[in-house]
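A.B. asks: task: produce atomic coordinates for the following.
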Amino acid sequence: MKKTEIFEQVVEIMREDSSTKKDITGANPEEYRARITDQMSQEDFLYQMHCYIASFGILSHVWFGLKETQPPGFKLRYYQDCLYVLQANSDTRLKRGDQILALDGKALPQVYQEHKDYFVSSTLERQHKEWAYFVGHAGEVTVVRNGKEEQLHVQPTAHPKKPPQFECRNLSEDIVYLKLEDFTDEAAISQLYADSQAAIEQAKYLIIDVRVNYGGTDSLYYPLFKYILPQGKAFRDLDLPSDDGMEILYTDRNVDLRQQLMQSILEDSNLSAETHQIIKEFLKELEENRGKGYVLYGDEDSNQNFLPDVLGLARPEKVFVLADVTCGSSGDNFVDTMKKMPKVTVLGRPTMGILDYSNCCVKDFGDYELLFPTSRDIRIDQGKGMNDRGVEPDILIPWTPEHLERDVDLEECLNYCKNA
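C.D. replies: Numbering: from 1, shown residues only. A predicted model of the protein is given here:
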């Protein structure tokens, strides 16, 4: 398919089949019709397409790019007009703690102004992926390392992306630390819960670290609810604010795409009978609602019906959740739910905030693909959407370069444990 044809289809899909269409129209496509040609390079095409998609302002759940992409091999944090390297593979030539001052001789604020349309988010802490692109494509990167300024060229990494980490350890006799970097790997998460259960049920304090969490399936964190509910209480016993639900957009095209995705999942020979049945019911629901437009799904009496048999345990007495901007999707949902619980305190920084639009599907364009959402959170209508804001922590701990030297968040959390 020609590049111009791909662009026209993307415009059509975003205007007809994406649940964002009620609120966001994106940039005027005429601007991009003047820039996109069939003869342009792939790199230039991807740049222009990214700028068009960025005009919708939706992180992660609206995306266009190559199917096969290599991770940059480093992670960055923007702070006071500089980029700090949080971690880096050795072959990139960057090192943890490097302070990036300029790209090709231009200060970062100047680079931002020249490429402002490329950035999805207007908040600095949510721009790390775009900055990784520009650092990786710069001919010369000015860094401060060990107090000395030097120039280097960042190399593409040959190392594969590191798998999510899951960890449980005792920080003291009374404190258990649990790290979950996604809610996708069911086998690893189930094993973590089994291995940590005895320790958690004897601990006075539980610390759950989701500062990095790539999301996944909400149900994979449900086994933690017995630790965060008050002793002997179920969700129905709590006076919790009720979510207003969501609406799902059903069009012929997005139903077709979601059905294709579900059918591919059904082909997995390891799929449990329960999951198989859920997907079959979901496929039926998709077909029944085909072409109906937005269909509202309310949450009336949701707390009354939600996990009625799960009761809170006596221990742990207090739960702390560590959050950050690199926690999104189901991670957003997890922190949002935890924050409402009387036993829980959230520390750190706001989450990514990408749940306003979700339940995504994918349109295949050969070497490229478009990801777009089909559901919309009703809280948007009340001005309570989380896009570009995330879930706010109870205790804000601003990020500073000191976080590169020590775990400031965990230390602060341990102080609260001592004083609780």
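A.B. asks: enumerate the positions of stretch 259-270 that are buried.
C.D. replies: By 16 or more other C-beta atoms under 10 Å, the buried positions in stretch 259-270 come out as 259, 262. To be clear about C-beta, it is placed using only N, CA and C from the backbone, and glycine gets the same treatment.
A.B. asks: likewise for stretch 33-50?
C.D. replies: So stretch 33-50, judged by 16+ other C-beta under 10 Å, has buried residues 36, 45-50.
A.B. asks: of those residues, which is the nearest to Tyr118?
C.D. replies: His50 (5.9 Å; C-beta to C-beta).
A.B. asks: what segments of the stretch 251-400 of the chain are helices?
C.D. replies: 252-266, 273-289, 302-305, 330-339 (DSSP state H, counting those that start in this stretch).
A.B. asks: most tightly surrounded among these?
C.D. replies: Of all the helices of the stretch 251-400 of the chain, helix 330-339 has the most neighbours on average by mean count of other C-beta atoms under 10 Å, namely a mean of 23.
A.B. asks: what residues are up against the nearest residue to Val210 once chain neighbours are set aside?
C.D. replies: Residue nearest to Val210 in three dimensions, not counting chain neighbours: Cys327, with 4.9 Å by C-beta to C-beta, 6 or more residues apart in numbering. Cys327 is in contact with 210-213, 334-335, 351-352, counting by C-beta atoms under 8 Å, 6 or more residues apart in numbering.
A.B. asks: what stretches of this structure score poorly on pLDDT?
C.D. replies: 242-244, 298-305 (pLDDT under 70).
A.B. asks: got the domain boundaries for it?
C.D. replies: 80-107+124-152, 166-245+299-358+374-419, 252-290 (automatic domain parsing).
A.B. asks: reformat the ones you listed as TSV; add distance to Pro71.
C.D. replies: Listed next are those as TSV, based on distance: least, C-beta to C-beta, whole Å:
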stretch	distance to Pro71
domain 80-107+124-152	9
domain 166-245+299-358+374-419	12
domain 252-290	23
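A.B. asks: so which of the ones you listed is nearest Pro29?
C.D. replies: Closest among these, using C-beta to C-beta: domain 252-290, at 18.0 Å.
A.B. asks: how far out from the middle of the chain is the closest one?
C.D. replies: Put simply, domain 252-290 sits 23 Å off its chain's centre (C-alpha atoms, centre = their mean, to the nearest Å).
A.B. asks: ends of it, how far apart?
C.D. replies: Start and end residues of domain 252-290 are separated by 6 Å (C-alpha to C-alpha, to the nearest Å).
A.B. asks: in contact with the spatially most central residue of the chain, which residues?
C.D. replies: Geometric centre of the chain, nearest residue: Gly328, 2.6 Å, by C-alpha atoms, centre = their mean. Shown in contact with Gly328 (C-beta under 8 Å, 6+ apart): 59-60, 213-215, 351-354.
A.B. asks: same thing but at 7 Å, please
C.D. replies: Contacts for Gly328 were tallied using C-beta atoms under 7 Å, 6 or more residues apart in numbering; they are 60, 215, 351-352, 354.
A.B. asks: the closest residue to it other than its chain neighbours: neighbouring residues, count only.
C.D. replies: Nearest non-adjacent residue to Gly328, counting by C-beta to C-beta, 6+ apart: Met352, 3.3 Å away. Here the count is done by other C-beta atoms under 10 Å, and Met352 has 29 residues near it.
A.B. asks: wait, doesn't Met352 sit right on Val325?
C.D. replies: Yes - in this structure, Met352 is within contact of Val325 by C-beta atoms under 7 Å, at 5.5 Å.
A.B. asks: between those two, what contacts are shared?
C.D. replies: The contact lists of Met352 and Val325 share 126, 390, where a contact means C-beta under 7 Å, 6+ apart.
A.B. asks: look up phi and psi at the residue nearest to Gly353 when sequence neighbours are not counted.
C.D. replies: Counting by C-beta to C-beta, 6+ apart, Gly353 lies nearest to Gly390, which is 3.4 Å off, once chain neighbours are set aside. The phi/psi pair for Gly390 (degrees, to the nearest 10) reads phi 70, psi -170.
A.B. asks: dump the residue contacts of Gly390.
C.D. replies: Contacts of Gly390 by C-beta under 7 Å, 6+ apart are 325, 332, 350-353.
A.B. asks: what of Tyr294?
C.D. replies: Contact analysis of Tyr294 by C-beta under 7 Å, 6+ apart lists 247, 249.
A.B. asks: what does Asp394 give?
C.D. replies: Asp394 touches 339, 345-347, counting by C-beta under 7 Å, 6+ apart.
A.B. asks: now the two most distant members of the residues you listed.
C.D. replies: Lys339 and Leu347 (10.8 Å).
A.B. asks: give me the beta-bridge partners of Tyr79?
C.D. replies: Note on Tyr79: beta-bridge partners by DSSP bridges are Cys82.
A.B. asks: contacting residues for it?
C.D. replies: Tyr79 touches 399-401, counting by C-beta under 7 Å, 6+ apart.
A.B. asks: list buried residues within the residues you listed.
C.D. replies: By 16+ other C-beta under 10 Å, the contacts of Tyr79 give Trp399 as buried.
A.B. asks: and which of the contacts of Tyr79 is nearest Glu30?
C.D. replies: Distances from Glu30 to the contacts of Tyr79, taken by C-beta to C-beta, are shortest for Trp399, at 39.8 Å.
A.B. asks: thought the closest one was touching Arg349?
C.D. replies: Yes - with contact defined as C-beta under 7 Å, Trp399 reaches Arg349; the gap is 6.2 Å.
A.B. asks: which one, of the helices of the stretch 251-400 of the chain, ends up nearest to Val362?
C.D. replies: Closest among those, using C-beta to C-beta: helix 252-266, at 6.6 Å.
A.B. asks: what angle do the closest one and helix 273-289 make?
C.D. replies: 170 degrees (axes from the mean of the first three to the mean of the last three C-alpha atoms, to 10 degrees).
A.B. asks: so what secondary structure elements neighbour helix 252-266?
C.D. replies: In terms of contacts (3 or more C-beta pairs under 7 Å, 6 or more residues apart in numbering; DSSP states H and E), helix 252-266 is packed against helix 273-289, strand 357-365.
A.B. asks: mind putting these into a markdown table with distance to Ile200?
C.D. replies: A markdown table is the format used below for those (distance: least, C-beta to C-beta, whole Å):
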| stretch | distance to Ile200 |
| --- | --- |
| helix 273-289 | 26 |
| strand 357-365 | 30 |
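A.B. asks: export the helices of the stretch 251-400 of the chain to JSON lines and tack on distance to Arg315?
C.D. replies: Shown next, in JSON lines, are the helices of the stretch 251-400 of the chain (distance: least, C-beta to C-beta, whole Å):
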{"stretch": "helix 252-266", "distance to Arg315": "38"}
{"stretch": "helix 273-289", "distance to Arg315": "30"}
{"stretch": "helix 302-305", "distance to Arg315": "24"}
{"stretch": "helix 330-339", "distance to Arg315": "17"}
